[in-house]
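S.K.: sequence first, then the predicted structure:
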2 protein chains.
Amino acid sequence: MSRSGSHSHRVRWWCLIAAVVAVWVQQVEGVWPLPQQLHQSADRDCLSPQRFSFTYGRDSAAQTGCSVLDAAFKRYFSIIFPDFTTRSGLLIVKTRGCDGYPDEDSDESYTLSVSEGQAVLRSVSVWGALRGLESLSQLVYQDDYGTYFINKTEIVDFPRFAFRGLLLDTSRHYLPLHAILKTLVSFNFNLFQLAAKATFLIFTFHPFTHIYTQSDVMRVIEHARMRGIRVVPEFDSPGHTQSWGKGQPGLLTPCYKGSVPSGSFGPVDPTVDTTYKFMESLLKEVKFVFPDSYVHLGGDEVSFACWQSNPNVRKFMEKMGFGKDFTKLESFYMESIMNMTAALNKTSIVWQDVFDYHERIPQDTVLEIWKGEKYQTELSRMTQAGHRVLLSAPWYINHISYGQDWRNSYAVQPQNFSGTDEQKKLVIGGEVAMWGEYVDATNLSPRLWPRACAAAERLWSNEEKTLNADLAFPRLKEFRCELLRYWKYVCNYSL
Amino acid sequence: MSRSGSHSHRVRWWCLIAAVVAVWVQQVEGVWPLPQQLHQSADRDCLSPQRFSFTYGRDSAAQTGCSVLDAAFKRYFSIIFPDFTTRSGLLIVKTRGCDGYPDEDSDESYTLSVSEGQAVLRSVSVWGALRGLESLSQLVYQDDYGTYFINKTEIVDFPRFAFRGLLLDTSRHYLPLHAILKTLVSFNFNLFQLAAKATFLIFTFHPFTHIYTQSDVMRVIEHARMRGIRVVPEFDSPGHTQSWGKGQPGLLTPCYKGSVPSGSFGPVDPTVDTTYKFMESLLKEVKFVFPDSYVHLGGDEVSFACWQSNPNVRKFMEKMGFGKDFTKLESFYMESIMNMTAALNKTSIVWQDVFDYHERIPQDTVLEIWKGEKYQTELSRMTQAGHRVLLSAPWYINHISYGQDWRNSYAVQPQNFSGTDEQKKLVIGGEVAMWGEYVDATNLSPRLWPRACAAAERLWSNEEKTLNADLAFPRLKEFRCELLRYWKYVCNYSL
């Protein structure tokens, strides 16, 4: 938790140019994602990079030394004025209220008032201040002579959903640390999920097989925290675990061909005690490394053929009275893992398969929808059962197609399903997924940006004000340029 | 022309490691594009980067000072041994036979023989030597201990088609010079087309509108020449010329609404003398800048609505006896431009529209097919009429889709159409097109590579030996790694 009382931050500038020669009305297309309320006038001030400074308000609970904001001031200075360096050498000192982690209850609201030589940013938490700085940075523009301007602006803003996630698949292809850090650019996403399907993430180091070290992970977490982003790991089981078997003999189910082992292995073996001991020690390490109170336990796409072939598994099924229904075995396993997770004071997120096969899911478990067909029906059923839900299915943006396919992401309406208002509230957000079958460091960025921005706006902004993709387009084009300048590319409106 | 007699080049190495400990047979998957004949044995030599050197054979017509090969030796040394630098400071001195430009008659054949501590590369021209060096570089591999190896190998190789092109669209989005130079990596493409649809390329310089200078173009041409690649510019008219109008008042047809000009402009105005004077001076400048004897004149996608609306154009149609058939007007214009080009001793390439609308095309004009539907029928018709043809339609790889879509490019059979053997020979090659509606420097490389490699192999290699994409796949994966190492990426088999 990071509420640190009321903050207010002032940005002051003085203009070097005495007379503004331009007479036509010019301003930015807007802010991405669109603030809940935004009023801009044609009145504008010019900004002088040499005289521009961020300062903490006198009444602010956070003051110089607040790690998150000191770093953000420095970062946003160079985003706004890429050719200048901030003159004040900011000290990053840990102070109360600023060295916490964002969580699901973090208040990300802010107000921003720009007029006559100063901007005042007010927020309840540092995380809200970060969102406001992002908007502020997008309000500044240059004219053809290179002079910086900002128009008189009033913003009142808060997110529509608390969970606005971005999933990176670090297992199907190795993503080097720098690619992960570069991806954490925020843009008002606040949840970052590292999915470890099929690779045993984090706890081993091997330069040849490209596994992350614990210190890599710590660096990702801190980099994310400074941007108000939570990091939730996914340890998918009992399926998608082929590579775990290499490091942990006896963990996977030996598949059989007739009455003899075939030599290949299937999902995690849910019939032996050692499996649960291993998973418990894994989850304890996860708790130690990841500060977030959520952990994603996977539970998707379990193939039953190997379990079915194994005589020990069949015997176990009989003993437990599961008959021939392997979904019961999967449920049995997932329930154990979810209970373990609860005992460690962590909340589980699981893929929809667990709900589809199982009725006794702990009430606070978050269900995530990944199957594209009929996700509205699934939203109805899950919320009807009283579960909180994350929507990912329509945002599997690793699936590319030719042209402006961001429009598909933009058209998604996460609460447009048959259900009561109470049910709608159980949709706590969504997640853009960048699965890695065909993605590595060479194509991650162009496949992710600006396409992910469409979902970012859907999850942050007022739906009624953002229904029309054609109206959003000029704003998205402009925002893409902000992204490119940030990455030192020439902006060129390729969308 | 650059035939400089017979060349032979020796590569010598001595191994630092006395005993080879590996006992299993290891070798590279092969070479991309696949050589016409390749025989590898399990016998291998280890290579010492410290002792490795390229030397000209004593009987070679080219010797030290041959710009193309000296530079290629240096380049391939660092491709083969990325962590080492070549010790010999090579002097680039212009000598006869080495400072020419590749052309359609360039002999790109070579033989490569690797055995017992040396490799002998023989070719008729320096361009063949470049192709051989590319293959040689792909034969070297490292074991897990980092030692370099090469297996005993015999290669006899030559290209299937003389025109193996790659089209970059430099107009719809500006591509910075470094992105163009990076794209000229060769990989046995030998034709590079810069398409200037809708931007008036080359002759003006404006930092804000991102136009190339003449010296930028010279740099591209020289960079390409050093890799045995021809540079052919496309100046597309009479359509796709909107931006030309800005620099050249009176060039475009004023469109009419009823009896008054609407204020908008259509294709080039083919009814006025000034148009032809302008095109002639443009083509003279093109001749001055581009050494290649081919120039692409476009001629595609002309919309007739604006011509039809203009009373002067209608009057001209009447005078010429074209009736209401505007394809005749387009043909009239294109014929004039093609004649101009011929008078400058340049050969024209035009898009298929010109053939579709016109019967009197100069016999040596090359026709390029861009329409996806029924391109086999078009191949039949064009070759039946005795024209040389380039195939581009199935290789519009800016059109992306999810998954391994390189397989579509690989499945193309350019000579699989109904026609005689003589007709088949008129298919002189093909061109991979990367149109720029959604492409700029941020996504050019991942959209182009390794997908363009599929067409590169189809255009170079024996079709019978490369029919099976599944067999090609491991070789393509390995080749992708070569590409990535070249660009300093971690190789990770993302395909």
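M.R.: Noted; the coordinates are in hand. Residues are numbered from 1 along each chain as shown, chains lettered A, B, ... in the order given.
S.K.: how near is residue A:44 to chain B?
M.R.: Remark: distance between residue A:44 and chain B (C-beta to the nearest C-beta, to the nearest Å) = 22 Å. From N, CA and C alone the C-beta is placed, and that goes for glycine too.
S.K.: isn't that residue right next to residue A:149, touching?
M.R.: Yes. Using C-beta atoms under 8 Å, residue A:44 is in contact with residue A:149, at 4.9 Å.
S.K.: and the residue of the stretch 1-150 of chain A found nearest chain B, how many residues sit next to it?
M.R.: Per C-beta to the nearest C-beta, residue A:144 is where the stretch 1-150 of chain A lies closest to chain B, at 7.7 Å. Using other C-beta atoms under 10 Å in any protein chain shown, residue A:144 has 8 other residues around it.
S.K.: what's residue A:257 sitting at in phi/psi?
M.R.: Main-chain torsions, residue A:257, degrees, to the nearest 10: phi -120, psi 110.
S.K.: how about it: what's its closest non-neighbour residue?
M.R.: residue A:309 (7.2 Å; C-beta to C-beta, 6 or more residues apart in numbering or on different chains).
S.K.: so how far is residue A:71 from the one you found?
M.R.: Remark: distance between residue A:309 and residue A:71 (C-beta to C-beta, to the nearest Å) = 54 Å.
S.K.: the more surrounded of these two?
M.R.: residue A:309 (20 against 16).
S.K.: next secondary structure after the lowest-mean-pLDDT helix or strand in chain A?
M.R.: Every helix and strand of chain A was ranked by mean pLDDT, DSSP states H and E. The lowest is strand A:3-12, at a mean of 51. Remark: after strand A:3-12, the chain's next helix or strand is strand A:37-47, criterion DSSP states H and E.
S.K.: counting contacts, what elements does that following strand pack onto?
M.R.: Secondary-structure packing of strand A:37-47 (3 or more C-beta pairs under 8 Å, 6 or more residues apart in numbering or on different chains; DSSP states H and E): strand A:148-157.
S.K.: distance from the chain centre to the helix or strand just after the strand it packs on, please.
M.R.: Counting by DSSP H and E, the next helix or strand C-terminal to strand A:148-157 is strand A:163-169. How far strand A:163-169 lies from its chain's middle: 4 Å, per C-alpha atoms, centre = their mean, to the nearest Å.
S.K.: strand A:163-169 pairs with which strands?
M.R.: Partners of strand A:163-169 in the sheet, by DSSP bridges, are strand A:191-196 (parallel), strand A:427-434 (parallel).
S.K.: just to revisit the earlier point, now the residue of the stretch 1-150 of chain A closest to chain B, what's its secondary structure?
M.R.: With DSSP: H, G, I helix; E, B strand; the rest coil as the basis, residue A:144 sits in coil.
S.K.: burial of the residue in the stretch 51-200 of chain A that chain B sits nearest to, as a residue count?
M.R.: Nearest to chain B, among the residues of the stretch 51-200 of chain A, is residue A:173, at 4.8 Å (C-beta to the nearest C-beta). Residues lying near residue A:173 (other C-beta under 10 Å) number 22.
S.K.: helix, strand, or coil at residue A:270?
M.R.: From three-state DSSP, the assignment for residue A:270 is coil.
S.K.: out of everything not next to it in sequence, what's closest to it?
M.R.: residue A:333 (3.8 Å).
S.K.: now do the buried residues in stretch A:379-398.
M.R.: For stretch A:379-398, the neighbour count (16 or more other C-beta atoms under 10 Å in any protein chain shown) marks A:379, A:381-383, A:387-398 as buried.
S.K.: picking that back up, residues in contact with the residue nearest to residue A:270?
M.R.: Neighbouring residues of residue A:333 by C-beta atoms under 8 Å, 6 or more residues apart in numbering or on different chains: A:237-238, A:268, A:270.
S.K.: just the mean pLDDT for the strand or helix carrying it, thanks.
M.R.: Element membership for residue A:333, per DSSP H and E: helix A:326-343. Confidence over helix A:326-343 (mean pLDDT, whole number) is 94.
S.K.: so for it, what gets flagged as buried?
M.R.: Buried, per 16+ other C-beta under 10 Å, within helix A:326-343: A:326, A:328-334, A:337-338, A:340-341.
S.K.: just give me the closest of those to chain B.
M.R.: Once C-beta to the nearest C-beta is applied, the member of the buried residues of helix A:326-343 that ends up nearest chain B is residue A:330, at 28.4 Å.
S.K.: ok, the closest residue to the closest one other than its chain neighbours - contacts?
M.R.: What sits nearest to residue A:330 in space, not counting adjacent residues and going by C-beta to C-beta, 6+ apart, is residue A:302, at 5.3 Å. Contact analysis of residue A:302 by C-beta under 8 Å, 6+ apart lists A:238-239, A:267, A:330, A:353.
S.K.: which of the three states applies to residue A:302?
M.R.: On the basis of three-state DSSP, residue A:302 is classed as coil.
S.K.: how close does it sit to residue A:241?
M.R.: 10 Å.
S.K.: give me the common contacts of these two.
M.R.: residue A:267.
S.K.: picking that back up, phi and psi next, for the residue of the stretch 51-200 of chain A closest to chain B.
M.R.: phi -130, psi 140.
S.K.: go on, residue A:444?
M.R.: Main-chain dihedrals, residue A:444, degrees, to the nearest 10: phi -60, psi -60.
S.K.: which residue packs closest to it, ignoring adjacent ones?
M.R.: Residue A:444 sits nearest to residue A:179 (C-beta to C-beta, 6+ apart), 5.6 Å away.
S.K.: measure the one you found to residue B:443 for me?
M.R.: On the measure of C-beta to C-beta, residue A:179 and residue B:443 end up 15 Å apart.
S.K.: ditto for residue A:374
M.R.: In terms of C-beta to C-beta, residue A:374 sits 33 Å off from residue B:443.
S.K.: tell me how many other residues crowd the closest residue to residue A:156 other than its chain neighbours.
M.R.: Excluding the flanking residues, the one nearest residue A:156 by C-beta to C-beta, 6+ apart is residue A:37, at 4.2 Å. Residue A:37 has 13 neighbours, counted by other C-beta under 10 Å.
S.K.: equivalent analysis for residue A:81, please.
M.R.: Neighbour number of residue A:81 under other C-beta under 10 Å is 19.
S.K.: ok, and what's touching stretch A:129-138?
M.R.: A:7, A:9, A:11, A:28, A:30-32, A:35, A:62, A:68-69, A:72-73, A:76, A:79-80, A:108, A:110-112, A:114, A:119, A:121, A:123, A:155, A:157, A:159, A:186-188, A:227-228, A:479, A:482.
S.K.: what does the stretch 1-150 of chain A have sitting close to chain B?
M.R.: residue A:144 (C-beta under 8 Å from any C-beta of the partner chain).
S.K.: scratch that, the stretch 251-400 of chain A
M.R.: Residues of the stretch 251-400 of chain A lying near chain B (C-beta under 8 Å from any C-beta): A:398-400.
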